[in-house]
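Q: Sharing a sequence plus its predicted fold:
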Amino acid sequence: MFLSNYDLVTVVILSIFLGIEVISRVPSVLHTPLMSGANAIHGVVIIGAIIVMGEAPTDDYLALTLGFLAVILGTLNVVGGFVVTDRMLEMFSKKKKK
């Protein structure tokens with residue numbers, strides 16, 4: 001039932017090609033809103049990384065390091081997604097008169 005390393009690498013490579021194909025077909029007008037929303041979904045990555053770090057043995061430095069990196073990069077991606085969304089929404093807000 002468990003996948004071998006070869007199978008896992010194959011799934012990752014196919015996922016990369018599928019992702020590139022899907023993103024390349026998105027019109028430019030929709031690309032930024034979709035990406036900012038997708039970045040916010042990285043909260044799931046943060047939760048998963050925290051679970052991995054919590055379940056990893058204390059002497060498994062690879063799992064702890066990768067979990068820590070996933071938390072940091074996922075957090076940056078979530079914050080970046082919200083910043084981009086905020087800037088996009090500011091473009092559509094009415095200008096305040098002084």
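A: Looks like it arrived, so ask away. Numbers count the residues shown, from 1 in each chain.

Q: Look up how far residue 89 lies from the residue most central in space within the chain.
A: The geometric centre of the chain, computed from its C-alpha atoms, lies nearest to residue 42 (C-alpha atoms, centre = their mean), at 4.1 Å. Look at residue 42 and residue 89: by C-beta to C-beta, to the nearest Å, they are 20 Å apart. No exception for glycine: its C-beta is placed from N, CA and C like everyone else's.

Q: What of residue 53?
A: Spatial separation of residue 53 from residue 89 under the definition C-beta to C-beta is 34 Å.

Q: With neighbour numbers in mind, choose between the two.
A: Each of residue 53 and residue 89 had its neighbours counted (other C-beta atoms under 10 Å), and the higher figure belongs to residue 53 (17 against 11).

Q: Next one: the more buried one, what pLDDT does it get?
A: Predicted confidence (pLDDT) at residue 53: the value is 87.

Q: Spit out the contact partners of the spatially closest residue to it that is not a sequence neighbour.
A: Counting by C-beta to C-beta, 6 or more residues apart in numbering, residue 67 is the residue found nearest to residue 53 once chain neighbours are left out, at 3.6 Å. Contacts for residue 67 (C-beta atoms under 8 Å, 6 or more residues apart in numbering) come out as 49, 50, 52, 53, 56.
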